[in-house]
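In: Below is the sequence, then the predicted model.
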Amino acid sequence: MTIGDIFASDFLVRVILRGLAVGTLVSLCSAVLGVSLVLKRYSMIGDGLSHVGFFGLALASCAGVGSLYSMEISIPVVILSAVLILRLSKNDGRLNGDAACAVVSTGAVAVGTLLYNLTGGRSGDICSSLFGSSSIFTISGKDMLLSLALSAAVLVWFVLSFKTIFAVTFDETFARAAGVKTGFFGLTLSVLTGLTIVVGMKMMGSIMISALLIFPPLTAMRLTGNFRRTVVLSAVISALSFVVGYLAACWCSLSETLQPVQTGAAVVTVDLLVFCAVYGIAWLTGRIRQKRAGKTAD
Amino acid sequence: MTIIEARDLTLAYEGVTAAEGVSFTLAAGDYLCVVGENGSGKSTLLKAVTGELKPAGGVLTVDPELRRQGIGYLPQQSKIQRDFPASVREVVLSGCVRGEGGGFLWRSASKKKADAAMELLDIADLAERTFGDLSGGQRQRTLLARAVCASDRLLLLDEPVTGLDPEAAHGMYAAIRRINEERGCAVMMVTHDVGCALREAKTVLSMCRGHSFFGTVAAYERHERLDEAADEILHHHGHEGHSVFAASLTRELNQQTEKARSGGEGGATA
């Protein structure tokens, strides 16, 4: 199939655009939420929630709701887990944060896998909820509307509370003394992270989705020392990486000579390449500057 | 007007008592230094004032208006990450967060306030620099500017000069004095530097297990335990190998005592 053939088919164009719209918005959401998660050392919470998302999918498939994927089930499951993980990770001497995340996330994967097994799910189901769907024809019109609404809600919240987000991320103790309700903020952050994960999971897979939360913010942090610029750069890097990775995956899937690849893997690989390129260049320029400084010192 | 009043306060952290029998008052525009050894519950007391920690016993009354408006807090330095991408201007602006509405951009009133605070602390030329790249003294001045933006009625400072060289420390003290005197902002400062407490503050709260002392600087100097405290400090730091530091501290303490004695009984904090 050539590019001309793809554009000749209304159906294909519609499917690809659907994927692009949902994926780009999810990438934007995860990139901006990820900045706060990475800086607050909450990366593990994102990872934990994505595994809980897998459990949500298993529950949905076991309850026989719709097809493999059902946001109606996984959204409440992930929201409850977000509250639970946050509660557990509060330092009250029982469990520390990363241990709590590990308990919840591995537990969720174990129970989810059992649910698939016991209800006669195919191993293909487990595979696609972990690694993302291998087909690009997976997003229904209804899925798309729900995804767009959720992503829009996350982005609106982020822009409206941007200043609070910065104050709390930078220094929670100070923000609390200055009169910010920091507990509510932490809860909102993890619930919205959960929502973003649920929305993105179908395309990216529950293992890959947390990469979207972590790679773009880390890359952006290497490029600038200003918070607002970090957020904007992270969003831009994430969206561009998604578009490149997604279109590459579509191209492989539709071409007759190439093997189909999974969207999540393609997108995360692009994110990884950008990350490595930025860190590599930063390291090289650092070395060159050091050498120059050494020469002038001589 | 009294803005903070503590009576026979007991503070506990994760079930372990950090301080007990603490009483003091802080009036508007006052300058209170909290001194005491490591682990005497000084920082825990600040946490109780900000509302982060509930007192385990006794009474702590903080002017409710103050809690509503927000308190300018300068936490202990080590808690903030060095690799955080934030410019000095952003950090100072974040002090204005309470009065802000929603949106991606800061209101111009907040920007003016932040500019004034940076001017006051002499960091206006650093505004676009990354916070993590600054020297220790510059970082502390930035965080003090942020605290100034958060409140014009009460600053809580937790070891503001720890780890700074003498010149930077001197600059910090001068800035704090200016904020206290020119803006009439009450200051409550935790420090282990008794010499500075006597030089800078109007009132002193000395926290020791079982026997805390609260009073004016003159009263504290008369406080018979001063020499004993100096011995304790010498012993403590000598044990850790900082005998030079301890000796200079003792010398300073002795000079202070000398001055207090020769200055007569009625000597206020000149």
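Out: Received it, and whenever you're ready, just let me know what you need.
In: Output the contacting helices and strands for the helix of greatest length in chain A.
Out: Scanning chain A for the helix with the most residues, using DSSP state H, yields helix A:263-297. In terms of contacts (3 or more Cβ pairs under 8 Å, 6 or more residues apart in numbering or on different chains; DSSP states H and E), helix A:263-297 is packed against helix A:10-39, helix A:182-204, helix A:209-223, helix A:227-254. The C-beta positions use only the backbone N, C-alpha and C, and glycine is treated the same way.
In: can you list the residues of the stretch 101-250 of chain A near chain B?
Out: Within the stretch 101-250 of chain A, the positions near chain B by Cβ under 8 Å from any Cβ of the partner chain are A:159-164, A:166-167, A:170-171, A:173-180, A:220-221, A:224-230.
In: ok, residue A:288 - how many residues close by?
Out: For residue A:288, the count of nearby residues is 10 (other Cβ atoms under 10 Å in any protein chain shown).
In: Kindly list the main-chain dihedrals of the residue of the stretch 151-298 of chain A found nearest chain B?
Out: Chain B sits closest to residue A:225 of the stretch 151-298 of chain A, with a gap of 2.9 Å, by Cβ to the nearest Cβ. Phi and psi for residue A:225, reported as degrees, to the nearest 10, are phi -110, psi 30.
In: which SSE is residue A:179 in?
Out: For residue A:179, there is no host helix or strand (DSSP states H and E).
In: Tell me how many other residues crowd it.
Out: Using other Cβ under 10 Å, residue A:179 has 20 other residues around it.
In: Enumerate every residue touching the nearest residue to it once chain neighbours are set aside.
Out: Excluding its sequence neighbours, the residue lying closest to residue A:179 (Cβ to Cβ, 6 or more residues apart in numbering or on different chains) is residue B:70, at 3.7 Å. The contact partners of residue B:70, by Cβ atoms under 8 Å, 6 or more residues apart in numbering or on different chains, come to A:177, A:178, A:179, B:98, B:150, B:151.
In: ok, now with 7 Å
Out: By Cβ atoms under 7 Å, 6 or more residues apart in numbering or on different chains, the residues touching residue B:70 are A:178, A:179, B:98, B:150, B:151.
In: Buried ones among those?
Out: Buried members of the contacts of residue B:70, scored by 16 or more other Cβ atoms under 10 Å in any protein chain shown, are A:178, A:179, B:98, B:150, B:151.
In: circling back to that earlier point, now do the residue of the stretch 151-298 of chain A closest to chain B: how many residues are near it, please.
Out: As a burial measure, residue A:225 scores 21 neighbours (other Cβ under 10 Å).
In: Same question for residue A:186.
Out: Look at residue A:186: counted by other Cβ under 10 Å, it has 20 neighbours.
In: right, and it touches residue A:83 too?
Out: No: contact criterion Cβ atoms under 7 Å: residue A:186 and residue A:83 do not qualify, at 10.3 Å.
In: and for the two, which residues touch both?
Out: With Cβ under 7 Å, 6+ apart, residue A:186 and residue A:83 have no common neighbours.
In: in chain B, what secondary structure element scores lowest on mean pLDDT?
Out: helix B:226-239 (a mean of 60; mean pLDDT, DSSP states H and E).
In: Residue of the stretch 151-270 of chain B nearest chain A, please.
Out: For the stretch 151-270 of chain B, Cβ to the nearest Cβ, closest residue to chain A: residue B:156, 6.9 Å.
In: can you tell me which residues contact that residue?
Out: A:177, B:46, B:49, B:50, B:71, B:72, B:73, B:74, B:188.
In: Confirm that it sits in a helix.
Out: No: applying DSSP: H, G, I helix; E, B strand; the rest coil, one finds residue B:156 to be strand, outside a helix.
In: Show me what it bridges to in the sheet.
Out: Note on residue B:156: beta-bridge partners residue B:73, residue B:188, judged by DSSP bridges.
In: where does chain B have low pLDDT?
Out: Residues of chain B meeting the criterion pLDDT under 70: B:77-80, B:209-210, B:224-250, B:252-253, B:256-257, B:259-270.
In: let's go with 80 and repeat that
Out: Scanning chain B for pLDDT under 80 picks out B:13-15, B:39, B:77-82, B:99, B:101-103, B:208-212, B:221-270.
In: Once you drop chain neighbours, what's closest to the residue most central in space within it?
Out: Central residue of chain B (Cα atoms, centre = their mean): residue B:189, 2.1 Å from the mean position. Using Cβ to Cβ, 6+ apart and skipping residues adjacent in sequence, the residue nearest residue B:189 is residue B:157, 4.3 Å away.
In: list the contacts for the one you found?
Out: By Cβ under 7 Å, 6+ apart, the neighbours of residue B:157 are B:74, B:176, B:187, B:189, B:190.
In: So residue B:25 is in contact with residue B:3, correct?
Out: No: with contact defined as Cβ under 7 Å, residue B:25 does not count as touching residue B:3 (8.8 Å).
In: So if I had to pick from those two, which one is more boxed in?
Out: Between residue B:25 and residue B:3, counted using other Cβ under 10 Å, the more crowded position is residue B:3 (19 against 16).
In: Can you classify the more buried one as helix, strand or coil?
Out: Classification of residue B:3 using three-state DSSP returns strand.
In: ok so, going back, give the contact list for the residue nearest to the centre of chain B.
Out: By Cβ under 7 Å, 6+ apart, residue B:189 lies in contact with B:33, B:34, B:157, B:160.
In: Would you mind measuring from it to residue B:166?
Out: Residue B:189 sits 18 Å away from residue B:166, going by Cβ to Cβ, to the nearest Å.
In: now swap in residue A:259 and tell me
Out: For residue A:259, the distance to residue B:166 - Cβ to Cβ - is 68 Å.
In: Could you do residue B:190 as well?
Out: From residue B:190 across to residue B:166, the span is 20 Å (Cβ to Cβ).
In: Compare these two (neighbour count), which wins?
Out: Neighbour count, other Cβ under 10 Å: between residue B:190 and residue B:166, residue B:190 has more, with 26 against 8.
In: okay but that one is in contact with residue B:44, surely?
Out: No: look at residue B:190 against residue B:44 with Cβ under 7 Å: they stay out of range, at 9.8 Å.
In: count of neighbours near the residue in the stretch 51-200 of chain B that chain A sits nearest to?
Out: Of the residues in the stretch 51-200 of chain B, the one nearest chain A is residue B:130, at a distance of 2.9 Å by Cβ to the nearest Cβ. By other Cβ under 10 Å, 20 other residues sit near residue B:130.
In: so it makes contact with residue B:87?
Out: Yes: counting by Cβ under 7 Å, residue B:130 does reach residue B:87; the two are 6.2 Å apart.
In: Can you pull the residues that touch both of the two?
Out: Common neighbours of residue B:130 and residue B:87 (Cβ under 7 Å, 6+ apart) are residue A:225.
In: would residue B:128 count as being in a strand?
Out: No: using three-state DSSP, the secondary structure at residue B:128 is coil, not a strand.
In: Centre of the chain to stretch A:209-225, how far?
Out: 11 Å (Cα atoms, centre = their mean, to the nearest Å).
In: no wait, stretch A:56-65
Out: In terms of Cα atoms, centre = their mean, the centre of stretch A:56-65 is found 21 Å from the chain centre.
In: ranges for the strands of the stretch 1-150 of chain B?
Out: Along the stretch 1-150 of chain B, the segments classed as strands by DSSP state E, counting those that start in this stretch run B:2-13, B:16-27, B:31-36, B:57-62, B:72-74.
In: just those strands: most buried one?
Out: Mean neighbour counts were taken over the strands of the stretch 1-150 of chain B using mean count of other Cβ atoms under 10 Å in any protein chain shown, and the top value, a mean of 28, falls to strand B:72-74.
In: Against which helices or strands is it packed?
Out: With contacts taken as 3 or more Cβ pairs under 7 Å, 6 or more residues apart in numbering or on different chains; DSSP states H and E, strand B:72-74 sits against helix A:172-177, helix B:136-150, strand B:154-158.
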